[in-house]
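Chemist: give me the fold of what follows.
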Amino acid sequence: MKIFPNPYRNTGRAIDVPDFIPTPSVDFARPTALLSRCPVAKPTPLIDATELAKKLGIASLHVKDERTRMRLGSFKALGAAYVIATDAAAVGGDDLGNVLADRTYVTASAGNHGLSVAAGARIFGAKAVIYLAKTVPEGFADRLRGMGAEVKRAGDIYEESVAAAVQAAKDQNWTLLSDTSWDEYYEPSHLLMEGYCVLMDEVFAQIPHEPTHIFLQAGVGGLAGAAAAMARAKWANAPQIIVVEPEFAPALMASIQAGHAVVAQGPVSDMGRLDCKEPSLIALKGLSTDADLFVTISEEEAFAAMPFLEAQGMAASTSGGAGLAAVLAGFDLPADAHVLCILSEGPS
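Modeler: Just a heads-up that it's a prediction; the model follows:
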């Protein structure tokens, strides 16, 4: 495990990104109101991991369990589906179930984001085209096809599949719906991250103690950026916020160290949904002021945590359990720590 303190924290400065890039939204009311109209939308549980907390020698450990979110199996259900629902509501009409029939949404995905795009498109009559890198398991491709999406393979890594989706959107006049952001593309991603605010609003109503430590796993940083912004809005400077990445894909840590967004280098990580080499600019800007520490964990540390989680009824992929893996890998926590983690997806 490698730990890097955020040099921007509590300095009044943010990392060098363009001024027009927004910080993460904390407007949870908008996605809450819209998603409440979905018949399968309901709060996910907050697990009181008492036995695991005792083993760790800390006061409490609570885990937000996203494995059942809207029957899609991850927090990503809150993002793209919310954006598509917003588009449908803007068009209006008596039959929202077919209101986007003339629209095709295209994106790149490491798996779960694509499921959210496919689900949202199907609900409102649109088409979905999902680009996957070669490293994404075929099981995800099959799930996407089962939801009516067209799947295309492009590139060896996530960033190459993103480039393919961007080009397809231009060539075919499709609607690009990415879960990351860059200089020329940020408004849809900003709205998508707003959907993730629902998760933290639920936590506020569920958790019995104000957390002292919050562990947030990150790929491009969308979930971490949104959750950290919500935590700061609710609890100000009280919790220590720790962002966890694979050591093979330290997009956020490397960018914070460099002082600007960079493309991280590294081999393919088993933490596939976190194996993103380039950060979302929105997430990077927000986390540069909200996060206290950036942590990378090894493949071995991620794998070692999985049996412990399964024994506690929290079976997950190495991506979904990465925040907990950092805790289990020996992160130095005081005896009076109240820890919050997110179980972002189940086993692969």
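
Chemist: how close does the residue nearest the centre of the chain get to Asp156?
Modeler: By CA atoms, centre = their mean, the chain has its centre lying nearest to Leu223, at 3.3 Å. Between Leu223 and Asp156 the computed distance is 24 Å (CB to CB, to the nearest Å). Glycine gets a C-beta too; all of them are placed from N, C-alpha and C.

Chemist: how about the contacts made by Ser109?
Modeler: Shown in contact with Ser109 (CB atoms under 8 Å, 6 or more residues apart in numbering): 115, 117, 130-132, 136, 140, 161, 179.

Chemist: make that His113, sorry
Modeler: By CB under 8 Å, 6+ apart, the contact set of His113 is 76, 79-80, 107, 179.

Chemist: for Ala264, same thing?
Modeler: 249-251, 253-255, 277-278.

Chemist: which of those fall in helices?
Modeler: Cross-referencing the contacts of Ala264 against helices under DSSP state H gives 251, 253-255.

Chemist: report the distance from the longest helix anywhere in the chain to the chain centre.
Modeler: Counting residues, the longest helix in the chain under DSSP H turns out to be helix 187-206. Helix 187-206 sits 10 Å away from the centroid of its parent chain (CA atoms, centre = their mean, to the nearest Å).

Chemist: now do that helix, average pLDDT.
Modeler: The average pLDDT for helix 187-206 rounds to 96.

Chemist: in that helix, which residues are buried?
Modeler: Within helix 187-206, the residues scored as buried using 16 or more other CB atoms under 10 Å are 188-203.

Chemist: swap in stretch 159-176?
Modeler: Within stretch 159-176, the residues that qualify as buried are 159, 161-162, 164-166, 168-169, 174-176, counting by 16+ other CB under 10 Å.

Chemist: got it, and stretch 178-189?
Modeler: Using 16+ other CB under 10 Å as the test for burial, stretch 178-189 gives 178-182, 186, 188-189.

Chemist: nearest to Val327, of the residues you listed?
Modeler: Of all the buried residues of stretch 178-189, Val327 sits closest to Asp179, with 25.3 Å by CB to CB.

Chemist: wait, a helix at that closest one?
Modeler: No: assignment of Asp179 by DSSP: H, G, I helix; E, B strand; the rest coil gives coil, placing it outside any helix.

Chemist: can I get stretch 80-91 in CSV? Just the C-alpha atoms.
Modeler: Below are the C-alpha coordinates for stretch 80-91, written out as CSV (Å, rounded to 0.1, in the frame of the first residue of the first chain):
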residue,chain,number,x,y,z
ALA,A,80,-26.4,7.0,-16.6
ALA,A,81,-30.0,6.0,-16.1
TYR,A,82,-30.6,9.3,-14.3
VAL,A,83,-29.2,11.2,-17.2
ILE,A,84,-31.4,9.4,-19.7
ALA,A,85,-34.4,9.9,-17.5
THR,A,86,-33.6,13.6,-17.4
ASP,A,87,-33.5,13.6,-21.2
ALA,A,88,-36.9,11.8,-21.4
ALA,A,89,-38.5,14.2,-18.9
ALA,A,90,-37.2,17.2,-20.9
VAL,A,91,-38.8,15.9,-24.1
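
Chemist: can you map out the strands along the stretch 101-250 of the chain?
Modeler: For the stretch 101-250 of the chain, the strands defined by DSSP state E, counting those that start in this stretch occupy 104-109, 127-132, 150-153, 175-176, 213-217, 240-246.

Chemist: shaky segments in the stretch 51-200 of the chain?
Modeler: In the prediction, the stretch 51-200 of the chain carries residues with pLDDT under 70 at positions 94.

Chemist: what segments of it are helices?
Modeler: 80-91, 112-123, 138-146, 158-172, 187-206 (DSSP state H, counting those that start in this stretch).

Chemist: would JSON lines of these with distance to Ser25 be doable?
Modeler: Below are the helices of the stretch 51-200 of the chain laid out as JSON lines (distance: least, CB to CB, whole Å):
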{"stretch": "helix 80-91", "distance to Ser25": "11"}
{"stretch": "helix 112-123", "distance to Ser25": "17"}
{"stretch": "helix 138-146", "distance to Ser25": "27"}
{"stretch": "helix 158-172", "distance to Ser25": "22"}
{"stretch": "helix 187-206", "distance to Ser25": "4"}
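
Chemist: fine, thanks again, bye for now.
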